[in-house]
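Peer 1: Any chance you can model this:
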Amino acid sequence: MSNGVILSSHFAAGDTMVNRRQFTALGLASVAGAALPFEAAGAPLAAPAPEPDYYAKLGVAKIINAAGTYTYLTASTMPREVQDAVAFAARHPVRLSELQRGAGDYLAKRLQCEAAMVTCGAASALSIATAACITLNRRGAAEDVPARVRNFPHEVIVQKAHHAALSHMHALEMAGATLVDVETAADFEKAFTPMTVMAFYFNAADEGQIGREEWIRVARSHGVPTFNDAAADVPPISNLWTYTKMGFDLVAFSGGKGMRGPQNAGLLLGRKDLIDAGHANNVPNDRAIGRGMKVAKEQIVGMVAAVDWFLAQNEDALRMEWQAQATRIATRLSRIPTVTYDITVPPVANNVPHLRIRYDRAKVNIAPLDVAKALREGTPSIELNPATGRTSGAAGLSSDENTIVVGVWMLEPGEDLVVAKRLDEVLTKAIV
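Peer 2: Numbers count the residues shown, from 1 in each chain. So this is what the prediction gives:
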């Protein structure tokens, strides 16, 4: 056929079927020599269409995140490697159970633990872990969670100080758990009964009389699994195996914070029998509490890629850059009368440099909360750390009504200078 494309001419008898890439290449090669009625052969290809801005389409403002990995600010941004992995998964259907098991085996090896699973965020890991402990060695019991768990042991021991510090205790109660508060080591020893299924520990708690090692020792002496919620507690990278090696039977991490994975992904690590029980309580099982906490193929593959990316990072180099960003912001503000600053690193959760800025309100007449409001309402919109102008912030990050707090670790390159400029403008305008 003249001016035609005859793909069959490229195959001899007995050739096997080509794949999609080969087919496309053959088609393009044939088309290249054919007459093109609308565009001359060899003409430059049209520029790719610009990336659609769905935030603009929906009327949602993009922000500069000078706060940190907070859920209400959509946590972290994914590095290119993770974005590519998510896009890859989106293009290829698989069997979900096979993917979850394969990812768990891979992650367990990389994170030096018996078993692992990807959950729908760290809060989901709390619910799945609790359900796993309640239903352990109870065939078919996942169907009873949470409505009928009163038929078997369901009590979870927690330190009262941890209970007060953690707003996600509801994630344990969702699985049907009854929480039993303790304060002293003596309380802890007495709290174990035949109804006890788990001893819960909030890793970043500022208070509490019972340390991690003692918590593990006492629970183990009673044959009760221990669970450590370490959601926001990387970096350091080594924390991904520190707590399982310490002896905690289960440990949860957020995937969308320090590891820079999908925001709706998390990790549950620990004992194989408990992780297996977690699978029984998780998607794709229809009659399980995890059915409504769906972990999609994109989350699972994205979480695997995030762990690979995170383990490959130079932690010292990252900390040096975060320190440099904080210092650049502080230097810009140093000319403002009475401004002082320090750079602090919380001991456990969000263990990265944070810039704290203070000044004499008699000389700079604006409250830190009003500074935060001005930056939020400006262009570009900037979010400061929620500890700004408040007496309490995230665990380990102290503040007060006279302090501005800048979290630098989620800033994109160059955004520290934008934050410095806007803070300078707002504070300078308020000079008395």
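Peer 1: Report the contact partners of the spatially most central residue of the chain.
Peer 2: Note on the chain: the residue nearest the mean C-alpha position is G256, at 1.9 Å, using CA atoms, centre = their mean. Going by CB atoms under 8 Å, 6 or more residues apart in numbering, G256 touches 69, 75-76, 121, 262-266. The way it works is simple: take the backbone N, C-alpha and C, and place the C-beta from them, glycine included.
Peer 1: Show me which of the residues you listed is closest to W215.
Peer 2: G266 (21.7 Å; CB to CB).
Peer 1: pLDDT weak spots in the stretch 151-300 of the chain?
Peer 2: For the stretch 151-300 of the chain, the stretches flagged by pLDDT under 70 are 164-165.
Peer 1: Please repeat the previous calculation with a cut-off of 80.
Peer 2: Within the stretch 151-300 of the chain, the stretches with pLDDT under 80 are 164-167.
Peer 1: Check the offset of the top strand by length along the chain from the chain's centre.
Peer 2: As assigned by DSSP state E, the longest strand anywhere in the chain is strand 196-202. Centroid separation for strand 196-202 versus its chain: 23 Å, with CA atoms, centre = their mean, to the nearest Å.
Peer 1: other SSEs contacting that strand?
Peer 2: helix 122-135, strand 155-159, helix 160-165, helix 212-221, strand 226-229 (3 or more CB pairs under 8 Å, 6 or more residues apart in numbering; DSSP states H and E).
Peer 1: Out of those, flag the one nearest G247.
Peer 2: Using CB to CB, the nearest of the helices and strands packed on strand 196-202 to G247 is helix 212-221, at 4.3 Å.
Peer 1: Sort out which residues of the closest one are buried, please.
Peer 2: 212, 215-216, 218-219 (16 or more other CB atoms under 10 Å).
Peer 1: Any chance of CSV for those residues, columns distance to T196?
Peer 2: Shown next, in CSV, are the buried residues of helix 212-221 (distance: CB to CB, whole Å):
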residue, distance to T196
R212, 19
W215, 13
I216, 15
V218, 11
A219, 9
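Peer 1: ok, and which of the helices and strands packed on strand 196-202 has the densest surroundings?
Peer 2: For the helices and strands packed on strand 196-202, average neighbour numbers computed from mean count of other CB atoms under 10 Å are highest in helix 122-135, which has a mean of 29.
Peer 1: Show me what that one is packed against.
Peer 2: So helix 122-135, by 3+ CB pairs under 8 Å, 6+ apart, packs with strand 115-119, helix 170-173, strand 196-202, strand 226-229, strand 250-254, strand 266-270, helix 272-280.
Peer 1: Residues in contact with stretch 307-325: which ones?
Peer 2: So stretch 307-325 is in contact with 79, 81-82, 107, 110-111, 234-237, 240, 258-261, 267, 343, 352-353, 408-409, 411, 416, going by CB under 8 Å, 6+ apart.
Peer 1: Next: stretch 291-302.
Peer 2: 78, 82, 85-86, 88-90, 92-94, 96, 99-100, 103, 118-121, 124, 127-128, 255, 261-262, 264-265, 282-285.
Peer 1: before we move on, back to that, and which of the buried residues of helix 212-221 is nearest N203?
Peer 2: Nearest member of those to N203, counting by CB to CB, is R212, at 7.8 Å.
Peer 1: how close does that closest one sit to G140?
Peer 2: With distances taken as CB to CB, to the nearest Å, R212 is found 34 Å from G140.
Peer 1: do the same with S167
Peer 2: Taking CB to CB, one finds S167 at 33 Å from G140.
Peer 1: pretty sure A204 is in contact with V348, am I right?
Peer 2: Yes: if you go by CB atoms under 8 Å, A204 and V348 touch, sitting 4.4 Å apart.
Peer 1: related to what we said a few turns ago, among the contacts of stretch 307-325, which lie within strands?
Peer 2: 267, 343.
Peer 1: Got a quick ChimeraX command for the buried subset of the contacts of stretch 307-325?
Peer 2: Applying 16+ other CB under 10 Å to the contacts of stretch 307-325 leaves a buried subset, and the ChimeraX line that selects it is:
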select :82,107,110,111,234,235,237,240,258,259,260,261,267,343,352,353,408,409,411,416
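Peer 1: Which one of the helices and strands packed on helix 122-135 lies nearest to D181?
Peer 2: Going by CB to CB, the one of the helices and strands packed on helix 122-135 nearest D181 is strand 196-202, 10.7 Å.
Peer 1: Following element in sequence after the helix or strand where A56 lies, please.
Peer 2: Element membership of A56 [criterion: DSSP states H and E] is helix 54-58. Per DSSP H and E, the first helix or strand lying C-terminal to helix 54-58 is strand 63-66.
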